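1. Please work out how this folds:
(chains A and B)
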Amino acid sequence: DAGVIQSPRHEVTEMGQEVTLRCKPISGHDYLFWYRQTMMRGLELLIYFNNNVPIDDSGMPEDRFSAKMPNASFSTLKIQPSEPRDSAVYFCASSPRREAFFGQGTRLTVV
Amino acid sequence: AQSVTQPDIHITVSEGASLELRCNYSYGATPYLFWYVQSPGQGLQLLLKYFSGDTLVQGIKGFEAEFKRSQSSFNLRKPSVHWSDAAEYFCAVGAPGNEKLTFGTGTRLTIIP
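-> Residues are numbered from 1 along each chain as shown, chains lettered A, B, ... in the order given. Just a heads-up that it's a prediction; the model follows:
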């Protein structure tokens, strides 16, 4: 398996624009997680899904953030409108259960 | 709720020397414990994990960790570090029945010749 695949790897956007981050989990994994990594706050769990259903979105910072998982092989994290403080590395991870496998991350810069 | 503390922000070790990275957790029962490594610009790679049983666990790249319930610790060790071990190391805790992982703030490891 190719592992967890995220796209794009880098994204630079202007404040106020919509940003969509994409993730393809490892086939057969029932869980999918979205994390955000910043110098100030470290690794934060934003939301996770089980069998495509959102289980816990308590880490989503505000209504500007939304995540979907329309099927077992694809998930998106959307920020609308984006703000400079959203600049971070966003990781997607998938898990068969109990251990998470991470993608390479998307480095988002909002200017 | 579970939590993790990595007291060392940055550690410098000479190549060939031994290494120990500290991790303390807070959880009411026996947690699931993990160590991940992150190289610059990369995602997190799982080094090793503990769920139950033998408290000394072996991982990849010659790393091991020991679960000590009495000290609420899960320290990572390596007998002899290599320059390629320079990276950021994260300890994480999970709970049975809950797939969420809580990560520590990380320890940055620098290797000097």
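2. Quick one: distance of the lowest-mean-pLDDT helix or strand in chain B to the chain centre.
-> Of all helical and strand segments in chain B, the minimum by mean pLDDT, DSSP states H and E falls on strand B:98-103, at a mean of 87. Relative to the mean C-alpha coordinate of its chain, strand B:98-103 is positioned 15 Å out (Cα atoms, centre = their mean, to the nearest Å).
3. Tell me which residue lies nearest the centroid of chain B.
-> For chain B, residue B:35 is the residue whose C-alpha lies nearest the centre (Cα atoms, centre = their mean; 3.5 Å).
4. Now name the helix or strand holding that residue.
-> Mapping residue B:35 onto the secondary structure by DSSP states H and E places it in strand B:32-38.
5. Now do that strand against strand B:98-103, angle only.
-> When axes from the mean of the first three to the mean of the last three Cα atoms, to 10 degrees is applied, the directions of strand B:32-38 and strand B:98-103 differ by 50 degrees.
6. for strand B:32-38, packing partners?
-> For strand B:32-38, the elements it packs on are strand B:44-50, strand B:64-68, strand B:73-78, strand B:87-95, judged by 3 or more Cβ pairs under 8 Å, 6 or more residues apart in numbering or on different chains; DSSP states H and E. Glycine gets a C-beta too; all of them are placed from N, C-alpha and C.
7. hang on, the earlier thing: can you list the buried residues in the least confident helix or strand of chain B?
-> Using 16 or more other Cβ atoms under 10 Å in any protein chain shown as the burial criterion, the residues of strand B:98-103 that qualify are B:99, B:100, B:101, B:102, B:103.
8. How far does stretch A:83-103 sit from its chain's centre?
-> How far stretch A:83-103 lies from its chain's middle: 5 Å, per Cα atoms, centre = their mean.
9. Sheet partners, orientation included, of the least confident helix or strand of chain B?
-> Taking DSSP bridges as the criterion, strand B:98-103 forms sheet pairs with strand B:87-95 (antiparallel).
10. Can you show me the CA trace of the strand it pairs with as PDB?
-> In PDB, the C-alpha atoms belonging to strand B:87-95 read as follows (Å, rounded to 0.1, in the frame of the first residue of the first chain):
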ATOM      1  CA  ALA B  87      14.500  14.200  14.400                       C
ATOM      2  CA  GLU B  88      11.600  15.200  16.500                       C
ATOM      3  CA  TYR B  89      10.200  12.500  18.800                       C
ATOM      4  CA  PHE B  90       6.600  12.400  20.000                       C
ATOM      5  CA  CYS B  91       5.100  10.300  22.800                       C
ATOM      6  CA  ALA B  92       1.400   9.600  22.500                       C
ATOM      7  CA  VAL B  93      -1.300   8.100  24.700                       C
ATOM      8  CA  GLY B  94      -4.600   6.400  23.800                       C
ATOM      9  CA  ALA B  95      -7.300   4.700  25.800                       C
END
